[in-house]
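Visitor: let's see this in three dimensions:
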Amino acid sequence: MEGSRMENLVRAEKSLRLSLEKSKSVGLALERAGPRLAEIRQRLPSLGSAVRPIRAERDALVAVGGHINRAVGPAAAVLKVFDAVHGLEKSLLSDPRSDIAGYLSVLKRLQEALRFLGDNCGLAIQWLEDIVEYLEDNSVADQVYLANLKKELKNLRESQHGELDGGLLDAALRKLEDEFRLLLTENSVPLPMSAAAAGDGVACIAPSPLPVSIVQKLQAILGRLIANDRLDRCVGIYVEVRSSNVRASLQALNLDYLEISVSEFNDVQSIEGYIAQWGKHLEFAVKHLFEAEYKLCNDVFERIGLDVWMGCFSKIAAQAGILAFLQFGKTVTESKKDPIKLLKLLDIFASLSKLRLDFNRLFGGGPCVEIQNLTRDLIKRVIDGAAEIFWELFVQVELQRPNPPPVDGNVPRLVSFITDYCNKLLGDDYKPILTQVLIIHRSWKRQSFQEKLLVTEILNIVKAVEQNVETWIKAYDDPILSHFFAMNNHWHLCKHLKGTKLGELLGDSWLREHEQYKEYYSTIFLRDSWGKLPGHLSREGLILFSGGRATARDLVKKRLKKFNEVFDEMYTKQSSWIMPERDLREKTCQLIVQAVVPVYRSYMQNYGPLVEQDASSTKYAKYTVQKLEEMLLCLYRPRPVRHGSLRSPTFSAKYGNGVPDLRRTASAVV
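Guide: I've put the predicted structure just below:
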């Protein structure tokens, strides 16, 4: 029995020990399971969401699959294109210079991708929004999850209206603009020339200043930029670069005179030089520079349209200097009126007329309306001004008539100027131009014009000059000076009109008449002045020893003294007289010498010894024969004068006869 108890105790001990070990194991298991339970507790909401569809209606679960399938296709395509756009980024942010064609091709791919995104991104978003709406309506998804999904879709839809490429397209287009400017700048080289080159002839037309390969690159870039609404920026860049290039070409011509003001322009010498330069420089600019720009604008922008490239050329021409040329012409028309201005206005008209076809072709388009208006205004001012000066010239000559004649008997500046002036108007250089101007001017007044009107008016002007001369001849108080003046002027008219266009109109009889007048007044002048001088060297009473040597000496002294007094008086007076024509002066002086010197020589040879031994001989034998002859041969020489304005105050004050100043009339433009 004790044995049985022991066995029972042993079994109980073992059982207890096993129970303790199991308790330890359970305790350890419970200790390890605590964190896992906490983790499960945290995952229960998401697990609930995950198993929610299991609890949804069977029909809802079946339908959601179709919605998902419809959205996955467009969304996947959009994501694929987005990846492609990012793949182009490196190429488009590189320098396009090395391969413009390749760069444009990549840019084209970018734009195609952006168009695809623009067309399909909205559709993909719409499908995704439909899924969210379905999940929400059928309680298939968790509300927190759906809220987050809605927020992301909203952000995606808003970005759809912005830059889907993150600004990549704009950056690429700016690089193309920079390349467009760089190509133009590097290949826009000012035309090498000098001021002299412009006057050597401008018959040739400048070729396109850019190589064909560069033009093709510009066109390719331009096409892509225009496709992105950047035409105005392209035109702005082109105008800026090319107009700057033309200005640089013109700088070598020294065009500072184009900026001269009206007040600075009234000096005739300036007009002469400036207008001659203006005509050459304008022709050079039009036929070489603007012609080249016109052609280049057409080459670069021809695919875009006439208005675009004509507008571009118009801006280049205006900014490069054509307006300054036209403004200079206007300044000439606003300067003071005088006859010399008529010739300058005709020069301007001739230059514009010569370039008329070029102006019409280059600046005839609608975008060049400002240039057209300024050109028409200039032509009208030139024609009106030239016609007004011409038709008033006769009156201006008449207005000079009351002025006193020159105090030195010279040919009045009016006479010499008008004869030369009228010959120029009738010459081959000016007559056709003046005729055209007068025809146009009279047509504006609905009046006809015939060439005889021009000829008749010029003849009337010459006749008015003749009348002035006759009036001035009678205006002298000194008859000898009057004859001297008449001789001068009749010979001037005869000499300077013989063999000229004007002389042919006046006729041989008119020329002979003035030559005869010259001879007539020359004869009277010599007779009444120097011709009387030898009479003071009379030989009467000088037969030696008839009345004694002393008596003869006294008579010789008396007569030589009188001769010297009269000679000195005449020489002093006439030393200030002017005979401008060398042939007439030399002939007149020779006649004076012939009239005086032989008589004086003979007298001194015969009677000079009577006074030469006297202590006061120099009072009577005052001049040697050689000295007397030298003095007479030096008479009437023109004094050196400074060349200046034909309206110089010195001339007007001294001679009383200058170039007609048309400002004196009430109708004159000040």
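Visitor: make sure Ile379 is actually in contact with Phe349.
Guide: Yes - with contact taken as CB atoms under 8 Å, Ile379 and Phe349 are classed as touching, separated by 7.2 Å. Any C-beta I mention is one placed from the backbone N, CA and C, and that applies to glycine too.
Visitor: more crowded one of those two?
Guide: Just comparing Ile379 and Phe349: by other CB atoms under 10 Å the higher neighbour count belongs to Phe349, 22 against 19.
Visitor: ok, now which ones touch that one?
Guide: Under the criterion of CB atoms under 8 Å, 6 or more residues apart in numbering, the contact list for Phe349 reads 379, 382-383, 386, 433, 436-437.
Visitor: please apply the same query to Gln277.
Guide: Contacts for Gln277 (CB under 8 Å, 6+ apart) come out as Tyr257.
Visitor: list the helices and strands the one helix or strand Met631 maps to packs on?
Guide: In this structure, Met631 is located in helix 625-633 according to DSSP states H and E. Here helix 625-633 is seen to pack against helix 582-612 when contacts are counted using 3 or more CB pairs under 8 Å, 6 or more residues apart in numbering; DSSP states H and E.
Visitor: quickly find the element holding Leu225.
Guide: With DSSP H and E as the criterion, Leu225 is inside helix 212-226.
Visitor: SS state for Val407?
Guide: Remark: Val407 carries the secondary structure label coil [criterion: DSSP: H, G, I helix; E, B strand; the rest coil].
Visitor: Asp232 now?
Guide: Local secondary structure at Asp232 is given as helix here, using three-state DSSP.
Visitor: in contact with it, which residues?
Guide: So Asp232 contacts nothing (CB under 8 Å, 6+ apart).
Visitor: which of the residues in the helix holding Met631 are buried?
Guide: Under the neighbour-count criterion of 16 or more other CB atoms under 10 Å, helix 625-633 has 625, 628-629, 632 buried.
Visitor: for stretch 565-572, same thing?
Guide: Within stretch 565-572, the residues that qualify as buried are 567, 570, counting by 16+ other CB under 10 Å.
Visitor: restricting to C-alpha, output that stretch in PDB.
Guide: Taking C-alpha atoms only, stretch 565-572 is exported to PDB below (Å, rounded to 0.1, in the frame of the first residue of the first chain):
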ATOM      1  CA  GLU A 565      48.300 167.100-111.000                       C
ATOM      2  CA  VAL A 566      45.700 165.900-113.500                       C
ATOM      3  CA  PHE A 567      47.300 162.500-113.800                       C
ATOM      4  CA  ASP A 568      47.500 162.000-110.000                       C
ATOM      5  CA  GLU A 569      43.900 163.100-109.600                       C
ATOM      6  CA  MET A 570      42.600 160.800-112.300                       C
ATOM      7  CA  TYR A 571      44.900 157.900-111.200                       C
ATOM      8  CA  THR A 572      43.900 158.200-107.600                       C
END
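Visitor: what does that stretch contact?
Guide: 529-530, 532-533, 536, 623, 628, 631, 635.
Visitor: can you redo the residues you listed as JSON lines with pLDDT and distance to Val395?
Guide: Compiled in JSON lines, the contacts of stretch 565-572 are given as follows (pLDDT from 0 to 100; distance: CB to CB, whole Å):
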{"residue": "Ser529", "pLDDT": "95", "distance to Val395": "37"}
{"residue": "Trp530", "pLDDT": "96", "distance to Val395": "41"}
{"residue": "Lys532", "pLDDT": "93", "distance to Val395": "43"}
{"residue": "Leu533", "pLDDT": "94", "distance to Val395": "45"}
{"residue": "His536", "pLDDT": "90", "distance to Val395": "50"}
{"residue": "Tyr623", "pLDDT": "90", "distance to Val395": "51"}
{"residue": "Leu628", "pLDDT": "94", "distance to Val395": "49"}
{"residue": "Met631", "pLDDT": "95", "distance to Val395": "45"}
{"residue": "Leu635", "pLDDT": "95", "distance to Val395": "38"}
